[in-house]
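Undergrad: here is the input, now give the coordinates:
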Amino acid sequence: MDEKITLEGTIEEVIFRNETNGYVVCDIRCNRRLITTVGYMPFINEGETVKVTGRWVTHPDYGEQLKVEFYEKKLPQTVDAMERYLASGIIKGVGPATAKKIVEKFGDKAIDIVQFNPEKLSEIKGISLEKALKIGQAFNEQRELKNVVMFLQEYGISPSYSAKIYKVFGDRTIEEIKKNPYRLADEIFGIGFKTADRIAKNLGIEPTSKYRICSGIKYVLSQAAAAGHTFLTSEMLLNYTAKLLEINIENIDDALISLVMDRAVYIENCEDCRRVYLSSFYNAEMNVSRKLLELASLSLKYDIDGFNDRIERMQQEDGIILADMQKEAIKAAMTSGVLVITGGPGTGKTTIIKTIIRLLGAEGNRIALAAPTGRAAKRMTEATGYEAKTIHRLLEIGYVGEDEELVFQKNADDPVEADVVIIDEMSMMDILLMNHLLKALRPGTRLILVGDVNQLPSVGPGNVLKDIITSKLIKTVRLTEIFRQAQKSMIVLNAHRVNRGEAPLMNVKDGDFYFISRNTGSSIVNTIVELCTKRLPATYGYDPMKHIQVLTPMKKGLTGVKNLNTELQKALNPPGKAKSEKVFRDCIFREGDRVMQIKNNYNLRWIKSSDLNCDGTGVFNGDTGTIQYIDVEEQVLTVLFEDERIVEYDFSILDELELAYAVTVHKSQGSEFPVVIMPAFAGPSMLMTRNLLYTAITRAKELVVLVGDADVVIEMVNNDRETLRYSGLAEKLQRLGAEFWQDGR
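TA: Numbers count the residues shown, from 1 in each chain. From the prediction side, this is the model:
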């Protein structure tokens, strides 16, 4: 039984497949005998001919099986096997119908034609020359990919990641990895330094290699950036790097100096420490500081004497009454080069923006409105009645040059055509995006920054809005008065109560803020599913796919994003014969699912559903939409995003999508939903904070429902810790500001 045997046959049925690691259970037809085989056999499909080597084992339930230790694919020899092979879905663009046509046309030469003379496929009706060549290319890529999978499997890299790596490096994949395995961590989304380091170790790279240490330093700084920091102190960096690489701190200094010489890293000497930046973040902080000070120094002429008369006329025309603080903000916008307006919900920020637009527009100023995300821009448009764009669209991200490099086309050489730029949801702005924006503003442009400084900081690195306010060098108006209309909303009142450290008032009669007590994680999840599927639709008429958003503090656990999405998908979009689906790693994507993009992808192309001639590039972290179509034959998945963009995803990049029936509170920033449901279940204190609860509440327009433990809600209100972010923008503004004014500018 323990003796190794080798068999060759055709795969009759794939019984089980783990997409993540390539583990397969399948039946193989060897002559007339059907054999069940188990083992790691990535990228095999029904109809393929394989040669397998392994040992017989006996499963307690399923009996005798061949446990595969090695396998290789063989090209099919018979006409029937060829048709099954081509119809299996292994070749992009070829399904059962196309496979049948190819075999009928070319018989036992079908595989040779696909491999060596694919242009002849265009002789078949329905196959263009372009498609024929693509089929040939896909066939040969599959054969090359097999070698890459086999090579990377030795280092524990899954087949799905192998496909991504192959897409980046092509037929030079193995050669490039052997030369520099750390490129995997630098260039492949989802592959970390530790994986690349393991490969490097197996390839014989020394633990104290300067190249390894440089990569480790960059990895530590990148991880810090992912946590929101623009720098680390040198002491922290050395300790983290030494721990990561398991080497002495003394070995790191030379590599750090090398990175400084290469301008990959910048060291800033401060009074009490040395700050180590990735150069892009240091340069961004410096550029943002200089540009803000230059814009703020602008002397703007405005007829203040006539200001009160204009405001009075506008109030009468619009039937509104502006509070003193609103008038102060509007007056400051008329006279300041840069203005920050900050305040919570119901404090009149939108009214101020609309009034500023009318006053400055009446004087012939060209005005541009923008926000960091598509949802925030859409909200700004709806609230003001004026078109708002995402900052990426305002800066016209696109391809330039022969290499089609993706860049912001609006910059210092070709600035934004606007006299006034108003940015909303500034709390979401990270330092890199702020730098790109300011570089694209011509001298003399008036900049108005609007946001709620008490919300969670940006997902990206930096603490831009808070740092600008903290510096006290940029004119800032804080709005604190809640307007009468907003006072009727318990959502608004409770948001401000939470922000002040007071417990929210829940279940007030005829209110819009409710709490449902549940004591266990499973009962919380069951109640949330029931609210989405039955209670809220039946009571208020809400559509759970359009109006209700579940927000949660956590990714893991019973009340985390992953489990909530699994349960909500079962209830709201169960499988059906008419729905195609794609299993990717441990997630099932199904037609009709709500999904979210989880990283910026500047390369993805889109077209507008309402105007197919309108197209562009770029899908960004936090964009949400619905899966319209899954094409297993073409291996693509199509998403319709909320702003009418249609985007086609190749199966190899599905790790950029997540289900979005439930999302983290962080991911909800800049969005607004009619209904927000949030579990209140014990979690890490660093997550269960006051400003996270505040941010979740302020995402709702019409109804908030908290489900869980009332004590957890109180603990969140009392937990006013803010996640510490290492950011140097405030200090740079203050230091450069002192120099700026000293020079008499």
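Undergrad: from now on I want contacts and neighbour counts done on CA atoms only, so please keep to that.
TA: Noted.
Undergrad: what number of residues lie near residue 590?
TA: Burial measure for residue 590: 25 neighbouring residues, criterion other C-alpha atoms under 10 Å.
Undergrad: check which element follows the biggest helix by length in the chain along the chain.
TA: Within the chain, and with DSSP state H defining each element, the longest helix by residue count is helix 129-153. Read in the C-terminal direction, the helix or strand following helix 129-153 is helix 159-169, with elements assigned using DSSP states H and E.
Undergrad: list the buried ones in the helix or strand just after that next one?
TA: Using DSSP H and E, the next helix or strand after helix 159-169 towards the C-terminus is helix 173-179. Within helix 173-179, the residues scored as buried using 16 or more other C-alpha atoms under 10 Å are 173, 174, 177.
Undergrad: ditto for stretch 318-334
TA: 322, 325, 326, 327, 328, 329, 330, 331, 332, 333, 334.
Undergrad: contacting residues around that stretch?
TA: Residues outside stretch 318-334 that contact it (C-alpha atoms under 8 Å, 6 or more residues apart in numbering) are 300, 302, 304, 307, 315, 339, 341, 348, 352, 355-356, 360, 448, 475, 477-479.
Undergrad: which other helices and strands contact the longest helix of the chain?
TA: Using 3 or more C-alpha pairs under 8 Å, 6 or more residues apart in numbering; DSSP states H and E as the contact definition, the elements that helix 129-153 packs against are helix 110-116, helix 159-169, helix 173-179.
Undergrad: neighbouring contacts of the longest one?
TA: The one in question is helix 159-169. By C-alpha under 8 Å, 6+ apart, the residues outside helix 159-169 that reach it are 19-22, 42-43, 145, 148-149, 152-153, 173, 176, 184, 188, 191, 652-653.
Undergrad: and the angle for it with helix 129-153?
TA: The directions of helix 159-169 and helix 129-153 differ by 120 degrees, with axes from the mean of the first three to the mean of the last three C-alpha atoms, to 10 degrees as the criterion.
Undergrad: pLDDT averaged over helix 159-169, what's the number?
TA: Averaging the model's pLDDT scores along helix 159-169 yields 77.
Undergrad: go on, the last one?
TA: Per-residue pLDDT values across helix 173-179 average out to 86.
Undergrad: give the next helix or strand downstream of it.
TA: In the C-terminal direction, the helix or strand that comes right after helix 173-179 (DSSP H and E) is helix 183-187.
Undergrad: helix or strand right after that following helix?
TA: For helix 183-187, the following helix or strand on the C-terminal side (DSSP H and E) is helix 193-202.
Undergrad: how far does that following helix sit from its chain's centre?
TA: What separates the centre of helix 193-202 from the centre of its chain is 26 Å, taken as C-alpha atoms, centre = their mean, to the nearest Å.
Undergrad: outside of that helix itself, which residues are in contact with it?
TA: In this structure, residues lying in contact with helix 193-202 by C-alpha under 8 Å, 6+ apart are 155, 157, 180-185, 207, 212, 215-216, 219.
Undergrad: give the buried subset of those residues as a PyMOL selection command.
TA: In PyMOL syntax, the buried subset of those is picked out as below (16+ other C-alpha under 10 Å):
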select buried, resi 157+180+181+182+184+185+212+215+216+219
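Undergrad: and the contacts of helix 193-202 as CSV, adding distance to residue 590?
TA: Putting the contacts of helix 193-202 into CSV (distance: C-alpha to C-alpha, whole Å) gives the following:
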residue, distance to residue 590
155, 32
157, 26
180, 38
181, 35
182, 35
183, 33
184, 30
185, 30
207, 45
212, 42
215, 39
216, 39
219, 35
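Undergrad: before we move on, the earlier item: narrow the contacts of stretch 318-334 to those that are buried.
TA: Looking at those with 16+ other C-alpha under 10 Å, the buried ones turn out to be 339, 341, 348, 352, 355, 356, 360, 448, 475, 477, 478, 479.
Undergrad: check the gap between the fourth one and residue 346 for me.
TA: Here residue 352 is placed at a distance of 12 Å from residue 346 (C-alpha to C-alpha, to the nearest Å).
Undergrad: could you do the fifth one as well?
TA: In this structure, residue 355 and residue 346 are 16 Å apart, going by C-alpha to C-alpha.
Undergrad: what about the nearest residue to residue 699 once chain neighbours are set aside, distance to residue 594?
TA: Nearest residue to residue 699, sequence neighbours excluded (C-alpha to C-alpha, 6 or more residues apart in numbering): residue 672, at 4.6 Å. If you measure residue 672 against residue 594 using C-alpha to C-alpha, the figure is 16 Å.
Undergrad: same check, this time on residue 116
TA: The span separating residue 116 from residue 594 equals 42 Å under the rule C-alpha to C-alpha.
Undergrad: which one of those two is surrounded by more residues?
TA: Residue environment comparison for residue 116 versus residue 594 gives the larger neighbour count to residue 594, 26 against 12, counting by other C-alpha under 10 Å.
Undergrad: could you find the closest non-adjacent residue to the residue most central in space within the chain?
TA: Nearest to the geometric centre of the chain sits residue 598, at 2.1 Å (C-alpha atoms, centre = their mean). In this structure, residue 598 finds its nearest non-sequential neighbour in residue 621, 4.6 Å apart by C-alpha to C-alpha, 6+ apart.
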